[in-house]
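Asker: quick one: sequence and predicted model below, then my questions.
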Amino acid sequence: MRAVKNNRLCLWLALLLLMLAQASCHKGINTSNHGKYPRHRHARNDDSGRHRHDDNDKQNADDDWKTLNIKLRRGDNKALYAELKRWLGTPYKYAAQECGVGTDCSGMVMMVYRNVYNIDIERNSARIFEKNCKPVKRNELQEADLVFFNNGKSSRITHVGIYLRDNKFVHASSSRGVMVSDLNQNYWVEHFQCAGRIL
């Protein structure tokens, strides 16, 4: 009799365990149905992650431009890039033109043209455009063309830089020294005056 009771008890325990196992299985199935939503959220996170990755790539590319640590292409003038890289970080100094020591915008442009192309040009940004350049349209800019800007108070040329490619140009900023900037930045769009190619 005791053996029968023990058998029944074992049977009840087995049934109870089976019922608990089935309940947990059903729970798993139910949660997996709702699991769609986390997967979608995960996919959105992946999308936004890709955008963040793209933004990081763009930021890295911009940082490379700022230091001119960019991959040069077959048609790029390596001597020009090497010379401009030497000038990067030179502090602004009015009426000066010494690499690493101090320069203003036209001084840097004049020295770069002398060192890379063996061409002497005017020492003043407005006169460089008047005496040494033929005008070119902004959408026709080529490597080593010059870009000219006004200060916003008049349409008189007050600043000059050397165009490279991809809307980037090198110039001597009065606040940050010789640096790479982008023609599409709001300030340069607003103050762009004209562009020229040395004759």
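Answerer: Nice, thanks for sending it over. As the structure is a prediction and not an experimental result, all values here were calculated from the model.
Asker: element containing the nearest residue to K137 once chain neighbours are set aside?
Answerer: Distance criterion CB to CB, 6 or more residues apart in numbering; nearest residue to K137, sequence neighbours excluded, is A195 at 7.1 Å. All C-beta atoms are positioned from the backbone trio N, CA, C, and that covers glycine. Assigned by DSSP states H and E, A195 belongs to strand 192-198.
Asker: same question for M108.
Answerer: Counting by DSSP H and E, M108 is part of helix 105-117.
Asker: coming back round to it: what's the neighbour count on the residue nearest to K137?
Answerer: 22 (other CB atoms under 10 Å).
Asker: and what of Q97?
Answerer: With other CB under 10 Å as criterion, Q97 counts 20.
Asker: SS state for the most centrally placed residue in the chain?
Answerer: For the chain, D62 is the residue whose C-alpha lies nearest the centre (CA atoms, centre = their mean; 2.7 Å). Here D62 is recorded as helix under DSSP: H, G, I helix; E, B strand; the rest coil.
Asker: roughly how far apart are it and V136?
Answerer: In this view, D62 and V136 are 25 Å apart by CB to CB, to the nearest Å.
Asker: so what pLDDT did the residue nearest to the centre of the chain get?
Answerer: With respect to pLDDT, D62 scores 85.
Asker: how near is it to S181?
Answerer: 11 Å.
Asker: tell me how far stretch 57-73 lies from the chain's centre.
Answerer: Averaging C-alpha positions (CA atoms, centre = their mean, to the nearest Å) puts stretch 57-73 7 Å from its chain's average.
Asker: quick one: buried residues of it?
Answerer: For stretch 57-73, a neighbour-count test (16 or more other CB atoms under 10 Å) marks W65, L68, I70 as buried.
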